[in-house]
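1. Provided below for reference: sequence and predicted model.
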Amino acid sequence: MVDKRRLLRLFMDKRAITPVLSNLLLMVVAVAAMSIAAATTYVITTNLRETMGERLIIEDVWFNNASGTSQISIYLRNIGKVPIRISTVYINHTRWPAPTTELGLGDHGWLNITYNWAPDRLIPFRCCDNEGEPCWRLL
Amino acid sequence: MLEAIIRRLKRLNCNKRGVSNVLVVMLSLILITVIVANVVIWNYQMSQLDIERMHESISITNVTRITRSQWFIAKNEFFITTGTRIRGSYTATTSIDGSYETFREELPTVHYNPTNYVLGGSTRLFSGSIANLRTDDSVYMQFQSYPTEFSEATEIFGNNATGGAYRNTENIIVGSVFTPTKDGEAQSITIYVRITSSSKNMKCAIYLHSNLSLVAQTEEKLVPVSTGWVTFNFNAPKPVLRANTEYLLVAWAQSGNGYAYLYYTSVQQNQGHYVSSNYAGGFPNPLPNPNHENRAYCIYCTFKPAVEEKVEIEFTGTSDTNLWMNLAWTVNTCFTADNVAATFQLYNYQAGEYPTSGDGHNSTIIGREEVNITQSITANPMAFKDAEGNWKMKITGTKATAVPFIFKVDLIELKATLSNIYRLEISNIFTIDLPKYPLDYVYGVEIMVRYNVSEVAERWFVKAYDWASEGYSDTGFNSTEGNQPALNEWNNYAISIGEDWTRYIRSDGVIQIMFCDEGTSENQTLLHLDFIGVRVIVNGIRLDIRNSGATTAHIVSLWIINATHHMYYDADLFINSGESATYIRIDIAPPAGNFTVKIVTERGNIDTF
């Protein structure tokens, strides 16, 4: 008897639809906002994780002119948890042309840089990812 | 307290923005959790990696060049071509120590066995083959005797009772199966018949029941009208019957006026046989598929029992055309009867006959026990083979008996001594560990023998089996002149094969080595063998590595660095914490002069030597 009366009041109320719509709209806005926040968080943490997971060692450095050209051959090994891409090399704090080297997990290989080296001379050397960060000070 | 919570929930339920607040709070918590988990857990993992790397401590304690593999030793007993093992075993030759194996030189001999045989008289092969004569292993070749002399008295086998029932034999071959208990010579067949109306031509025959082949048939007789026993004689040569063999005795009559009844008596299943066939000059051979009936027809065979049985076989074989200094022949044999007079004769080609005494002849009474008949021929042994090396031996066994016997022969062997020079030739196989020393990185082979001899009149040689030419050779050896030993001293004899060594190593790494004397001494020498082994010449590197860290180290790369080259090699070696390991790489030829060796672990630690 009571339920019939309430139902009748709901149908007779002129403002009945408005609260439902407003609640739904509020929920959609809340979910959308949180989705954006979640995506942003994912991007940020992934980047952070990749940065933290990079480990690179130099197995060997060979100053040679075996091919008739003076070059520095560096043997690199990726011992980290993420692939590494080396696109920029700095020698003596100067950007130096070098082939892009990609090392997957556990990969290793030579990085050959043509450079007119001289014995008994200290050569500051860095190699970096695409945008210059992160960088590894190698020599 | 409970009331307060219920009150707040009611208030939340009444709040129009309640659901949104809850969603925002929950999602915020999830986001915070994800961020914290990603950063903290990942940071923990990487820190763990760094800690493990710090705890890892690997060091190269020594680096040496490898020019030789370890010795590969004998795994089985030596094969002796000529000579005798006196004492010890091959295990004593696997290391240089006080233990040794002793061999003795012997006169070189060759062994020959028969390759064929010819049966004499009516001797039959009972079982086995000529291959059974190669070894004394109780696997025999067996022959059955045959009767050679017969008694003057006669006996019968068959049914000599007079029956009451009968079957017509006109154009029907009728008879029954009977088995004699003695060997003998059949003389005649007698049948109990009734001829009616007119006389009729009749004859009898013996078939072998096993294959229904005709053994012999009797004379033909015109049997007059009567009832009674009628005998039909065999013409010469009369058939020889074997004891314990089933024979089918049959009668056959020509068609005419009246009948030719053959009587039968007892009832035995399928003993009776008959087959329709128009009367002709000769019995059909074999007998066409006969019908069977449970009848013993009144027919029997009269025969003279054997009084002597005999086996006679001629064995033939091939040998060589070398000069024989001595010849010894051996026959291992027995019979299934006692007191069989056996004669063994080796054909004398110079005399053109089988000897009846002396060399090449032996007469012995042999029974059921296996015996070795041997004879050594020192005078003119070459007379017992022809120019092509062929030889033959005749064996006969004779016994006065009517019961056949079996001649069992286990071994027939001719052993010829080729020289009066004592020889010793021993060989063995050695297997190179190819997974460890692949042939691609092998530069040669070394062989070492450590031995002691009782007599130093001759040199001693090492040879290797050439798998291509299938013979022993010393081509490519650094020395082919042999080794002159010192008396009663341990002599080290080393051979190096630097050229054409691949011909001596089979694809599976097996190398076969022979050690032999020079073959010039008539004195018998004892050889004590302390060690014999084979190793390969390589050019590799050996690293002694110690893991003094707290974790297992995985070495993933190896560097050989000198002034002109930095050579990288993949590696795959695990070393447990606190342990040392030896790492051998024969595929890495170390450079001449000084060089640096560097190893790198999977975690990124590096050590150099």
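-> Happy to help now that I have it.
2. so B:Lys436 sits right up against B:Ile584, yeah?
-> Yes. Using Cβ atoms under 8 Å, B:Lys436 makes contact with B:Ile584 at a distance of 7.5 Å. Just so you know, the C-beta spots here come from the backbone N, C-alpha and C atoms, and that holds for glycine as well.
3. for chain A, what spans make up the helices?
-> A:2-12, A:17-53 (DSSP state H).
4. Turn these into a markdown table, including mean pLDDT and distance to chain B.
-> What follows is these, written out as a markdown table (pLDDT from 0 to 100; distance: least, Cβ to the nearest Cβ, whole Å):
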| stretch | mean pLDDT | distance to chain B |
| --- | --- | --- |
| helix A:2-12 | 67 | 16 |
| helix A:17-53 | 79 | 4 |
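5. about what we covered before: which of B:Lys436 and B:Ile584 has more residues huddled nearby?
-> B:Ile584 (16 against 13; other Cβ atoms under 10 Å in any protein chain shown).
6. which residues touch the more buried one?
-> By Cβ atoms under 8 Å, 6 or more residues apart in numbering or on different chains, the contact set of B:Ile584 is B:66, B:436, B:540-543.
7. With the flanking residues excluded, which residue is spatially nearest to A:Asn65?
-> Nearest residue to A:Asn65, sequence neighbours excluded (Cβ to Cβ, 6 or more residues apart in numbering or on different chains): A:Gln71, at 6.8 Å.
8. so what's the one you found bridging to?
-> When assigned by DSSP bridges, A:Gln71 has beta-bridge partners A:Asn64, A:Thr114.
9. From A:Phe63, how far out is it?
-> Plainly put, A:Gln71 is 8 Å away from A:Phe63 if you go by Cβ to Cβ, to the nearest Å.
10. Which one of those two is surrounded by more residues?
-> Taking other Cβ under 10 Å, A:Gln71 and A:Phe63 do not tie; A:Gln71 has more neighbours (18 against 15).
11. Could you say which of the helices of chain A is packed most deeply?
-> helix A:17-53 (a mean of 13; mean count of other Cβ atoms under 10 Å in any protein chain shown).
12. Just give me how far that one sits from the chain centre.
-> 21 Å (Cα atoms, centre = their mean, to the nearest Å).
13. could you say what helices and strands that helix packs with?
-> Counting contacts by 3 or more Cβ pairs under 8 Å, 6 or more residues apart in numbering or on different chains; DSSP states H and E, helix A:17-53 packs against helix B:18-36, helix B:42-55.
14. Looking at the ones you listed, which is nearest to chain A?
-> Proximity to chain A, assessed across those by Cβ to the nearest Cβ, is greatest for helix B:18-36 (3.8 Å).
15. From the contact counts, what lies against that closest one?
-> So helix B:18-36, by 3+ Cβ pairs under 8 Å, 6+ apart, packs with helix A:17-53.
16. what angle sits between the helix it packs on and helix B:18-36?
-> Using axes from the mean of the first three to the mean of the last three Cα atoms, to 10 degrees, one finds that helix A:17-53 and helix B:18-36 are set 0 degrees apart in direction.
17. any idea how far B:Ala241 lies from A:Ala39?
-> No, residue B:241 isn't Ala; it's Leu. Applying Cβ to Cβ to B:Leu241 and A:Ala39 gives a distance of 112 Å.
18. if I look at B:Asn289, how far off is chain A?
-> Distance of B:Asn289 to chain A, given as Cβ to the nearest Cβ, to the nearest Å: 85 Å.
19. Over to that residue. Which of the three states is it?
-> Recorded secondary structure, B:Asn289: coil (DSSP: H, G, I helix; E, B strand; the rest coil).
20. Now do the contacts for it.
-> Contacts for B:Asn289 (Cβ under 8 Å, 6+ apart) come out as B:Val275.
21. same check, this time on B:Tyr192
-> Applying Cβ under 8 Å, 6+ apart to B:Tyr192 gives the contacts B:162-163, B:228-230, B:262-263, B:298-299.
22. which of those has the most neighbours?
-> Most neighbours among the contacts of B:Tyr192, by other Cβ under 10 Å: B:Leu262, with 29 neighbours.
23. For B:Met202, see how far away that one is.
-> Noted for B:Leu262: a distance of 9 Å to B:Met202, by Cβ to Cβ.
24. ok, of the helices and strands packed on helix A:17-53, where does mean pLDDT dip lowest?
-> Looking over the helices and strands packed on helix A:17-53, mean pLDDT reaches its minimum on helix B:18-36, with a mean of 74.
25. Residues that sit against both of B:Leu262 and B:Met202, list them.
-> Contacts common to B:Leu262 and B:Met202, judged by Cβ under 8 Å, 6+ apart, are B:169, B:191, B:193, B:251.
26. Max pairwise distance over these: which two?
-> The span of those, defined through Cβ to Cβ, is set by B:Thr169 and B:Ile191 at 8.6 Å.
27. list residues touching both of those two?
-> Counting by Cβ under 8 Å, 6+ apart, the contacts common to B:Thr169 and B:Ile191 are B:202, B:251, B:262.
28. domain assignment for the chain?
-> Chain wasn't specified; assuming chain A. A:2-51, A:55-137 (automatic domain parsing).
29. my bad, chain B
-> Listed by automatic domain parsing, the domain ranges of chain B are B:58-68+B:539-608, B:73-106+B:422-538, B:112-140+B:320-417, B:161-297.
30. Can you tell me the centre-most residue of chain A?
-> The centre of chain A sits closest to A:Asn47, judged by Cα atoms, centre = their mean, with a distance of 3.8 Å.
31. could you list every residue that touches that residue?
-> Contacts of A:Asn47 by Cβ under 8 Å, 6+ apart: none found.
32. Could you give the number of residues near residue 69?
-> All of this is about chain A. 11.
33. wait, chain B
-> Neighbours of B:Ser69 using other Cβ under 10 Å come to 21.
34. repeat for B:Ile497
-> Around B:Ile497 there are 25 residues (other Cβ under 10 Å).
35. Then B:Glu425?
-> Neighbour count for B:Glu425, taken as other Cβ under 10 Å: 22.
36. so what's it up against?
-> B:Glu425 neighbours (Cβ under 8 Å, 6+ apart): B:80-83, B:514-517.
37. How about the secondary structure of the nearest residue to B:Leu214 once chain neighbours are set aside?
-> In space, and not counting its chain neighbours, B:Leu214 is closest to B:Asn285: 3.8 Å by Cβ to Cβ, 6+ apart. B:Asn285 carries the three-state label coil when classified by three-state DSSP.
38. Give the burial count for B:Asn285, as a bare number.
-> 13.
39. how close does it sit to chain A?
-> Per Cβ to the nearest Cβ, B:Asn285 is found 89 Å from chain A.
40. pLDDT wise, what is that residue at?
-> For B:Asn285, the predicted pLDDT is 93.
41. I'd say it and B:Val215 touch.
-> No. Counting by Cβ under 8 Å, B:Asn285 stays clear of B:Val215, with 9.5 Å between them.
42. Beta-bridge partners for B:Val340, please?
-> Assessed by DSSP bridges, B:Val340 has beta-bridge partners B:Ile366.
43. which residues does it contact?
-> By Cβ under 8 Å, 6+ apart, B:Val340 lies in contact with B:365-367, B:397-399, B:405, B:407.
44. how does it look with 7 Å?
-> By Cβ atoms under 7 Å, 6 or more residues apart in numbering or on different chains, the contact list for B:Val340 reads B:366, B:397-399, B:405.
45. same deal with B:Tyr465?
-> Taking Cβ under 7 Å, 6+ apart, we find B:Tyr465 in contact with B:472, B:504, B:512.
46. switch the cut-off to 8 Å
-> Contact analysis of B:Tyr465 by Cβ under 8 Å, 6+ apart lists B:427, B:471-473, B:504, B:511-514.
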